[in-house]
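1. build me a model from this:
(one chain, ligands or ions: 1)
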Amino acid sequence: MKDITRMKTSLSKEIESLLNDQVKMEGNSSSIYLAMAAYCDQLGFENSSEFFFTQADEERQHMLKIFKYISDAGGTPISPEITEVPQEFGSFKGVFESALGQEIAVTNAINIILSAAYKEGDHATANFLQWFVREQQEEEFTARKRVELFDIIGEDGIGRYMIDQKIPEITPPEAEADVNV
Ligand code: FEO
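-> Numbering: from 1, shown residues only. I've put the predicted structure just below:
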């Protein structure tokens, strides 16, 4: 017989727990991006700082999206405790490498939840997560492009300044952007 507490929600315990882990991960990403914004600002790279401020906001929206999904499905979303946010990223390039690593980790986490949802036949959650699959494709693509700027332009002379100028010009491929409208 179905656990009476589970009759209030369409989510299994495992999916609810994985989604809550993701709430925390997105919240954590938001805080790390905020720290990256401050780090770039301290180095004097204003465009990069602005980019990470915006990115911090986006990640918070991702967190809220999943939080609300759990709630709407009758589950119990958990407001995450965010601790041990790094404040130091080694170098200007290091901050973008960390950002790429973070996006890859998020993609992997989304894929794990999606696989679990398919395994359980939870099509509502699988359907909900499709947005995140496309979002991560986009975010990984642009994060890689930002790291590549360091090799293309080089860091000598005014290289870092030029990289900072180029950061706002990195956008997702058009086809991908259309999918996400
Ligand atoms: Fe919401 Fe880019 O992770």
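
2. C-alpha from now on. contacts and neighbour counts both.
-> Fine.

3. so what's the backbone phi/psi at Asn28?
-> phi -60, psi -40 (degrees, to the nearest 10).

4. check what pLDDT it gets.
-> Note on Asn28: pLDDT of 98.

5. then Ile78?
-> Note on Ile78: pLDDT of 98.

6. pull the number of nearby residues for it.
-> For Ile78, the neighbour count with other C-alpha atoms under 10 Å is 16.

7. what's the pLDDT at the nearest residue to it once chain neighbours are set aside?
-> Once flanking residues are discounted, Ile78 sits nearest to Asn20: 6.2 Å by C-alpha to C-alpha, 6 or more residues apart in numbering. According to the prediction, Asn20 has pLDDT 98.

8. which residues touch Asn20?
-> Counting by C-alpha atoms under 8 Å, 6 or more residues apart in numbering, Asn20 makes contact with 66-67, 77-78.

9. closest to Thr107 among those?
-> Top of the list for closeness to Thr107, among these and by C-alpha to C-alpha, is Ile66 at 14.6 Å.

10. for Gly157, which three-state class applies?
-> Per DSSP: H, G, I helix; E, B strand; the rest coil, the secondary structure class of Gly157 is coil.

11. need the per-residue pLDDT for it.
-> Per-residue pLDDT puts Gly157 at 95.

12. how near is it to the ligand?
-> When distance is defined by C-alpha to the nearest ligand atom, to the nearest Å, Gly157 is 32 Å away from the ligand.

13. on that earlier part again, tabulate the contacts of Asn20 (JSON lines), appending secondary structure.
-> As requested, the contacts of Asn20 are exported to JSON lines (three-state DSSP):
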{"residue": "Ile66", "secondary structure": "helix"}
{"residue": "Phe67", "secondary structure": "helix"}
{"residue": "Pro77", "secondary structure": "coil"}
{"residue": "Ile78", "secondary structure": "coil"}
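
14. what is the nearest of the residues you listed to Asp151?
-> For those, the nearest to Asp151 is Ile66 (36.0 Å; C-alpha to C-alpha).

15. does that closest one really touch Lys24, like I thought?
-> No. Counting by C-alpha atoms under 8 Å, Ile66 sits too far from Lys24 to count as a contact (9.9 Å).

16. spell out which residues of the protein are next to the ligand.
-> 26, 59, 62, 103, 106, 136, 139 (C-alpha under 6 Å from any ligand atom).

17. if you rank those residues by neighbours, which is first?
-> The most crowded member of those is Glu26, carrying 24 neighbours; neighbours defined as other C-alpha under 10 Å.
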